[in-house]
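In: Below are the sequence and a predicted model for it; my questions follow.
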Amino acid sequence: MSSPSTDADQPDRRTSVAPLVRRYHRIERRAAWLIALAAAGAFLVAYAALSLWPALGVALVIVARIPLFRRRGTTRLRTELSPEDVVSAFVSATPPILAFQWGVADEIRPDDGDGATYEFSYLFGLRSTAIDLDVDVVEGTAENGDQAVDDDPFAVIELEASAEGRPWGAYTVTIRDAAAADADRVEGNSDRHSAVRPGGTVVDVELEPTRRFDLRRIPQGLVAERYYADALAAQGYEVVARESAHVR
């Protein structure tokens with residue numbers, strides 16, 4: 001079941017996160033250039049040192065470009081926003097967890113009720129690419145969430161993105177009322193001094209390993225990880241817990 005891509009706070013969120021995203025983008029581009037220069041340097045060194053086997057240098061460059069691993073992980077967010085507002089943000093054309101994508105896109109084109117397309121240009125505008133985002137509410141809605149049982153999710157949203165027809169990323173977002181989530185946690189916790197903060201929303205995000213990366217993406221991923229919590233904080237979300245791992 002699709003949900004409309006509407007979010008009244010989109011302009012405010014884009015404005016609040018813009019300086020941070022621009023900083024991330026500058027550092028990410030520098031990292032990309034450094035990786036390219038390092039690959040070229042490795043080729044030249046290998047060629048000079050092993051002139052009889054120049055193919056080894058070529059092999060090093062090729063290996064760096066082979067998709068070798070995928071990434072998976074989980075993140076728990078907390079916000080003072082209501083569950084309804086959180087659902088609206090995540091089904092909009094600018095989901096909070098994709099700020100590094102829509103924040104640097106040259107154009108954001110909302111689709112008819114089920115996602116958006118982000119247009120990017122690079123190499124001084126000589127080349128372009130796009131990320132197509134599909135958004136689907138698979139359980140719960142802003143309309144019927146109030147009738148849900150306390151330990152049931154308010155809503156479960158699936159985000160799937162593709163680039164040039166290939167999987168780019170997939171996320172499952174589970175949204176719960178914070179008071180109910182904290183009550184469940186304290187009930188099962190022997191430490192009765194655990195504080196329960198009233199109001200707000202808990203958001204659990206699962207990154208599914210659908211896309212393979214090559215070795216060149218590792219530094220870029222580290223840069224994104226450095227600014228991830230700050231980008232969400234600028235939109236009103238606190239990162240409570242986060243785990244990620246690389247898998248084959």
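Out: Thanks, I have the structure now.

In: make it CA atoms for all contacts and neighbour counts henceforth
Out: OK.

In: Would you mind listing where this structure has pLDDT under the threshold?
Out: Within the chain, the ranges that satisfy pLDDT under 70 run 1-11, 35-36, 38-40, 42-68, 113, 141-151, 180-199, 213-216, 246-247.

In: can you pull out the strands in it?
Out: With strands called from DSSP state E, the chain shows them at 69-79, 107-110, 115-122, 127-139, 155-163, 166-177, 201-208, 212-213, 237-247.

In: Out of those strands, the one nearest residue 23 is which?
Out: Of all the strands of the chain, strand 115-122 sits nearest to residue 23, with 17.0 Å by CA to CA.

In: Given that closest one, what are its sheet partners and their directions?
Out: strand 107-110 (antiparallel), strand 127-139 (antiparallel) (DSSP bridges).

In: hmm, who's touching it?
Out: 5, 91-93, 101-102, 104-111, 127-135 (CA atoms under 8 Å, 6 or more residues apart in numbering).

In: Convert it to PDB, retaining C-alpha atoms only.
Out: Extracted C-alpha coordinates of strand 115-122, given in PDB (Å, rounded to 0.1, in the frame of the first residue of the first chain):
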ATOM      1  CA  GLY A 115       8.600   7.900  -4.000                       C
ATOM      2  CA  ALA A 116      10.900  10.300  -5.800                       C
ATOM      3  CA  THR A 117      13.800  10.500  -8.300                       C
ATOM      4  CA  TYR A 118      17.000  12.300  -7.400                       C
ATOM      5  CA  GLU A 119      19.000  13.700 -10.300                       C
ATOM      6  CA  PHE A 120      22.800  14.300 -10.000                       C
ATOM      7  CA  SER A 121      25.400  15.700 -12.300                       C
ATOM      8  CA  TYR A 122      29.200  15.300 -12.000                       C
END
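
In: Next, the buried residues of it.
Out: 115, 116, 117, 118, 119, 120 (16 or more other CA atoms under 10 Å).

In: can you list those residues in TSV and add distance to residue 84?
Out: Shown next, in TSV, are the buried residues of strand 115-122 (distance: CA to CA, whole Å):
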residue	distance to residue 84
115	18
116	20
117	24
118	25
119	28
120	31
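
In: still on that earlier bit, so which of the strands paired with strand 115-122 is the most surrounded?
Out: Comparing the strands paired with strand 115-122 by mean neighbour count (mean count of other CA atoms under 10 Å), strand 127-139 comes out on top with a mean of 18.

In: contact partners of that one?
Out: The contact list for strand 127-139 (CA under 8 Å, 6+ apart) reads 1-3, 91, 114-122, 153, 155-164, 168.

In: hmm, try it at 6 Å
Out: Residues outside strand 127-139 that contact it (CA atoms under 6 Å, 6 or more residues apart in numbering) are 1-2, 114-121, 155-163.

In: circling back: how about a markdown table for the strands paired with strand 115-122, with distance to residue 230 added?
Out: Shown next, in a markdown table, are those (distance: least, CA to CA, whole Å):
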| stretch | distance to residue 230 |
| --- | --- |
| strand 107-110 | 22 |
| strand 127-139 | 23 |
